[in-house]
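Chemist: Below is the sequence, then the predicted model.
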Amino acid sequence: MIVRPATPEDAAALSRIHVQSFDDGWTPADITTWIARPEGIALLAEDASEQVAFALALQAGDEAELLTIATDPARRSQGLGHTIFRALDAEAGRRGLNRWILEVARNNLPAIALYKSEGFVEIAVRKAYYKTGDGRVDALVMSRPVGSSDRHGGA
Ligand SMILES: CC(C)(COP(=O)(O)OP(=O)(O)OC[C@H]1O[C@@H](n2cnc3c(N)ncnc32)[C@H](O)[C@@H]1OP(=O)(O)O)[C@@H](O)C(=O)NCCC(=O)NCCS
């Protein structure tokens, strides 16, 4: 298993993972746009030449905003979420960024568990922020310092 920067050639595979992970999954063109942005950080995990997880972050001032993180549904709960986030955190550190910020739906329990085990804490709530099939759900805004992955537990 390796972690490497995503390139536009990866967009179709990453879109497949994203579409299986979110109701409003991104197209290959959406993914390419994010990968191409100079302030973007796009990393993927690859196993036997197959993309199995990826994450996209954006540099904004001295903050790193986690835009999305997703693992192939067939490969979840194997530590890939931790692996990809920690690689992203290391890259954010190399870029001199100071804080992580993210938004996550209050009912997304696997993601919240991942973020908490990586040291994120809730700093705000955006009420009824996301549309769901049957209504709206709050977004939790979570944050933590960049570069503190090695001080937290997990896979
Ligand atoms: C969130 C997500 C990326 C986690 O990926 P993963 O590869 O399964 O993560 P890991 O195996 O590294 O597990 C990380 C942590 O997530 C939590 N977790 C994983 N699967 C879980 C589940 N089914 N239920 C509850 N918590 C779970 C655990 O706390 C785990 O930490 P631990 O191993 O220290 O206990 C994955 O579930 C996913 O792709 N979800 C759909 C996309 C999404 O919602 N992304 C986040 C919002 S942007």
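Modeler: Done, it's in.

Chemist: Only C-alpha atoms from now on, for both contacts and neighbour counts.
Modeler: Noted.

Chemist: ranges for the helices of this structure?
Modeler: Counting by DSSP state H, the chain has these helices, from start to end: 11-21, 28-36, 80-94, 109-117.

Chemist: closest one to residue 143 among those helices?
Modeler: Within these, the stretch nearest residue 143 is helix 109-117; the backing value is 9.0 Å (CA to CA).

Chemist: now the closest one against helix 80-94, angle please.
Modeler: If you take axes from the mean of the first three to the mean of the last three CA atoms, to 10 degrees, helix 109-117 sits at 40 degrees to helix 80-94.

Chemist: Would you mind listing the buried residues in helix 109-117?
Modeler: Neighbour-count burial for helix 109-117, with 16 or more other CA atoms under 10 Å as criterion, is recorded at 111, 112, 114, 115, 116, 117.

Chemist: can you give me how far stretch 25-40 is from the chain middle?
Modeler: With CA atoms, centre = their mean, to the nearest Å as the basis, stretch 25-40 stands 13 Å off its chain's centre.

Chemist: ditto for stretch 68-81
Modeler: The offset between the C-alpha centroid of stretch 68-81 and the centroid of the whole chain comes to 10 Å, using CA atoms, centre = their mean.

Chemist: Repeat that for stretch 40-48.
Modeler: 11 Å.

Chemist: about what we covered before: now, among the buried residues of helix 109-117, which is nearest to residue 47?
Modeler: Comparing these against residue 47 with CA to CA picks out residue 114 as the nearest, at 21.0 Å.

Chemist: Break down the protein into its strands, ranges please.
Modeler: Secondary structure of the chain, counting by DSSP state E: strands at 2-5, 40-47, 50-60, 63-71, 99-105, 121-132, 135-145.

Chemist: need those strands in JSON lines with distance to residue 23, mean neighbour count and mean pLDDT, can you?
Modeler: Listed next are the strands of the chain as JSON lines, based on distance: least, CA to CA, whole Å; neighbours: other CA atoms under 10 Å; pLDDT from 0 to 100:
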{"stretch": "strand 2-5", "distance to residue 23": "25", "mean neighbour count": "15", "mean pLDDT": "97"}
{"stretch": "strand 40-47", "distance to residue 23": "21", "mean neighbour count": "21", "mean pLDDT": "97"}
{"stretch": "strand 50-60", "distance to residue 23": "17", "mean neighbour count": "21", "mean pLDDT": "97"}
{"stretch": "strand 63-71", "distance to residue 23": "13", "mean neighbour count": "21", "mean pLDDT": "98"}
{"stretch": "strand 99-105", "distance to residue 23": "13", "mean neighbour count": "21", "mean pLDDT": "98"}
{"stretch": "strand 121-132", "distance to residue 23": "9", "mean neighbour count": "14", "mean pLDDT": "94"}
{"stretch": "strand 135-145", "distance to residue 23": "14", "mean neighbour count": "18", "mean pLDDT": "96"}
